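J.: Fold the following.
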Amino acid sequence: MGSSPRGLAADPGLRRLYVTDANDGTLRIVNADTGQVIAAVPMGAGAGFPAVNPNNRLVYVPMADGSVIVINDFTGQVLSSLPVGGTPVAAVVNPRTNLVYVANGTGTIPVINSNTNAIFAQVPLPDGLTSRAAAADPCGNDIYVLCDDGSVAVVNGTTNSVEKVFRPEDGASAIALDPGLGLLYLASGSQVLVYSLCMRKQVGTLPMDGPPPAVQPRRIAVNGVTHLVYVTDASGTVYVVDGGANVQVNAVTGDAQPYDAVALNCEAPCPSCGSSCGGVTGSVGASVLSGGVNVIRSLPACAFVANQDGTVSVLSPRTHTLEATLRVGSAPFGVAADPALGLVYVTDGTQSALYALDAFTRAVVARIPLPGYFRFSAVPHFPAVNTSNHLVYVPDFDSNRLAVIDGTAVRNGGADVFDTVAVGNMPTAVSVNPRSNRAYVANMGSGTVSVINGNTGGILAEVPVGGAGSGTLMDVAVSPLANLVYAADFGSGIAVIDGKNNTVVGRLEGGACALALDEAQGLLYVVDETRGALAMYDTSTGSRIARIPLGDSYTRLARAAVDACNHLVYITDEGRRATYVIDGVTQSLLCEVASADDSAAPIGVATLAGGA
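T.: Modelled structure (predicted):
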């Protein structure tokens, strides 16, 4: 891997790493799955920290001679060398705008138009500030520029002007950002500080407990799917921290000293916060070591399907075949997944329980009894996970309550319901916005959506969406980026709720029994049981752009889930005992996966790389 690897970038779609070498001036293109060097591109001395634009597969390598070299991601061919001035050290891409921002050690930030590969703008920094690194927030269209004096300049991506400058008490030496959770990470002294983008203030520090000597953070990387944070340390340790729960999950040590880090994260949960992942791996973290690259693997992005015969099917995202059949309870119904904790949750209505599966071993690690009320046993329907705090929300259809379980406690061996929330009549489904920390409950009987504060568990609003008393409100899905909520009603169509003021601001035509959202594609998937079809809506325009017929006269469509890494849609068909796999990019039916047994009627489905 060369004698002195320095900078690291990744293209999850091509499963490639790009490693610059401080000594021999070479950019090595590496297969992320095998570790094999595909190509070595001579760059010359002074190659810095590269960046990849996932939209057009271009790699931008800052060079100490005052230029940025543009490389074709597919072929490794050098396309051009752009003079930007100064001493470029790092580059960052905003895939939402296709603009590249270069930290070049001067008082201005060159901005490259990635469509034309020409200088688009020069952003002046306040007097005395010079740039050393940057991080992009595609959701807010802001660029956070780390300056040599340890301060951070916030650049408005629309106006290309500095809006604010702030500096931690001990200054900052490294920077990374999680757009999905709206968190900014700054290495400062022996700590990594956590800032809220919406509140624009520090809200905590990352826990990092490892071998002596004291922690000396070098670089930070974030996985936008699992919200895992990777911190390289001068002592030879890579700390892995769950950014949602702010809990350390690992400390990987080695003989060499790690420097840069990168995560092969997928686009979920934000449409512009990463690049599409065509592989089968849900997430991979990597760190540069002296003489090599250390790869820290995570879990595969399989789909889990609940069958009414007491089994859960595991479907492979690569082969689209039945990979395993797991025995879980007596009548599995709803499914939800927490990729960061590696847990899959399955409700069982006949046992009034929630099961937790280990996504790695696929073994049941907990059975959590759900409380009944009055003379009724709990009838849990379709659960959801809040990835910002790992709380699991389980709607009880009969008691009109929502059970709340702490997923972190489940992973640590605990298993209990620690809170219940009274919601509307006959709650059937839940969806969560981890960015705003709000949970939304579809109440079938009352025709309302209950809005829950994820911090306090209190009800913020009851939003009427139509169909009160008709039992036609079936599902709910959330767009964290747009802060919109979609509520599927059989009778009155799909209500669009503004997450800011909790009011209905629009309606999409067509009945629906289930919804799924791929924010990376900007697509809302609407399952129409009565017509036996899947409709696709453009979330930016609200217009229907495609319709795919499914099944036959025996078809009884149930639920849907999105694999936002591979842009696949899974739809269960209770009638035909099958699960359909849809390619969201080509908008076509890939295959129909039959259940292992004719008694295995599939209902709920979730993936480990899920959309909303």
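J.: and the spatially closest residue to Cys198 that is not a sequence neighbour, how many neighbours?
T.: Distances taken as C-beta to C-beta, 6 or more residues apart in numbering place Gly182 nearest to Cys198, at 5.4 Å, with adjacent residues excluded. In this view, the C-beta of every residue, glycine as well, is placed from N, C-alpha and C. Gly182: 22 surrounding residues under other C-beta atoms under 10 Å.
J.: Enumerate every residue touching Gly182.
T.: With contact set as C-beta atoms under 8 Å, 6 or more residues apart in numbering, Gly182 has these partners: Cys139, Ser196, Leu197, Cys198, Arg435.
J.: Report the separation between it and Val203.
T.: Counting by C-beta to C-beta, to the nearest Å, the gap from Gly182 to Val203 is 10 Å.
J.: and Ala136, how many neighbours does it have?
T.: 26.
J.: Which residue, other than its chain neighbours, is closest to it?
T.: Spatial nearest neighbour of Ala136, chain neighbours left out: Asn94 (4.3 Å); criterion: C-beta to C-beta, 6+ apart.
J.: measure that neighbour to Pro12 for me?
T.: As judged by C-beta to C-beta, Asn94 and Pro12 stand 17 Å apart.
J.: between these two, which one's more packed in?
T.: The residue with more neighbours, out of Asn94 and Pro12, is Pro12; 26 against 21, by other C-beta under 10 Å.
J.: Give me the local confidence score for that one.
T.: Pro12 carries a pLDDT value of 72.
J.: before we move on, what about Asp255?
T.: Asp255 carries a pLDDT value of 54.
J.: Kindly report the same for the one 3 residues further on.
T.: Per-residue confidence for Pro258 comes out at a pLDDT of 52.
J.: same question, Asp475
T.: 94.
J.: what's the offset of the helix or strand containing it from the middle of its chain?
T.: Here Asp475 sits within strand 473-479, counting by DSSP states H and E. In this view, strand 473-479 has its centroid 18 Å away from the chain centroid, taken as C-alpha atoms, centre = their mean, to the nearest Å.
J.: In it, which residues are buried?
T.: Neighbour-count burial for strand 473-479 flags Leu473, Met474, Asp475, Val476, Ala477, Val478, Ser479 (criterion: 16 or more other C-beta atoms under 10 Å).
J.: Distance check, the fourth one against Ala439.
T.: Using C-beta to C-beta, one gets 10 Å for the distance from Val476 to Ala439.
J.: next one: Ile71
T.: As judged by C-beta to C-beta, Ile71 and Ala439 stand 44 Å apart.
J.: between the two, who's got more neighbours?
T.: Between Ile71 and Ala439, counted using other C-beta under 10 Å, the more crowded position is Ala439 (28 against 24).
J.: Beta-bridge partners for the nearest residue to the more buried one once chain neighbours are set aside, please?
T.: The shortest distance from Ala439 to any non-neighbouring residue, by C-beta to C-beta, 6+ apart, is to Ile452 (4.2 Å). On the basis of DSSP bridges, Ile452 is bridged to Ala439, Ile459.
J.: What pLDDT does the model give Ile452?
T.: At Ile452, the model reports a pLDDT of 96.
J.: wait, doesn't it sit right on Asn443?
T.: No - applying C-beta atoms under 8 Å, one finds Ile452 not in contact with Asn443, separated by 12.0 Å.
J.: of these two, who's got more company?
T.: Asn443 (27 against 24).
J.: and that one, backbone torsions?
T.: When read as degrees, to the nearest 10, the backbone of Asn443 gives phi -100, psi 110.
J.: circling back: what's the farthest-apart pair in the contacts of Gly182?
T.: Comparing every pair within the contacts of Gly182 by C-beta to C-beta identifies Cys139 and Ser196 as the most remote, at 13.2 Å.
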